[in-house]
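A.B. asks: the following comprises the amino acid sequence and a computationally predicted model.
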Amino acid sequence: MKTLEMTFATSGGGTVRIAVPNPKLPVDPIEVANTMDLLVAKQAFSAMSGNIVGKKAARVIDHTVLPVSFA
């Protein structure tokens with residue numbers, strides 16, 4: 001499973017991450033940047049460290065789960 005993780009700066013100097021499971025691939029960097037800018041402009045989210053005030057980073061994480069067999 002893949003997850004798009006967007007990282008934002010907050011007004012209190014902190015960081016908040018928003019994860020979107022199963023993003024449309026390939027991820028369009030311009031679309032992600034525009035979406036993040038919109039979330040900041042609308043102040044769509046807040047965290048304990050304040051409102052989101054800017055975008056910091058975005059990445060796609062690939063989760064691989066491997067079962068462990070017990071003898």
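C.D. replies: Alright, I've got the coordinates.
A.B. asks: check which element follows the least confident helix or strand in the chain by mean pLDDT along the chain.
C.D. replies: Lowest on mean pLDDT, DSSP states H and E among the helices and strands of the chain sits strand 46-47, with a mean of 84. Downstream of strand 46-47, the next assigned helix or strand under DSSP states H and E is strand 50-62.
A.B. asks: check which helices and strands that next one sits against.
C.D. replies: Under the contact definition 3 or more Cβ pairs under 8 Å, 6 or more residues apart in numbering; DSSP states H and E, strand 50-62 sits against strand 2-10, helix 29-41. Backbone N, C-alpha and C define where each C-beta goes, glycine included.
A.B. asks: so of those, which one's packed in deepest?
C.D. replies: Scoring the helices and strands packed on strand 50-62 by mean neighbour count under mean count of other Cβ atoms under 10 Å gives strand 2-10 as the most buried, with a mean of 17.
A.B. asks: quick one: average confidence on that one?
C.D. replies: Throughout strand 2-10, pLDDT has a mean value of 96.
A.B. asks: which outside residues touch it?
C.D. replies: Strand 2-10 is contacted from outside by 15-23, 25, 27, 32, 35-36, 39-40, 45-47, 49-63, using Cβ atoms under 8 Å, 6 or more residues apart in numbering.
A.B. asks: mind listing the strands the least confident helix or strand of the chain pairs with, and their directions?
C.D. replies: strand 50-62 (antiparallel) (DSSP bridges).
A.B. asks: the inter-axis angle of the strand it pairs with versus strand 2-10?
C.D. replies: With axes from the mean of the first three to the mean of the last three Cα atoms, to 10 degrees as the basis, strand 50-62 and strand 2-10 are set at 160 degrees to each other.
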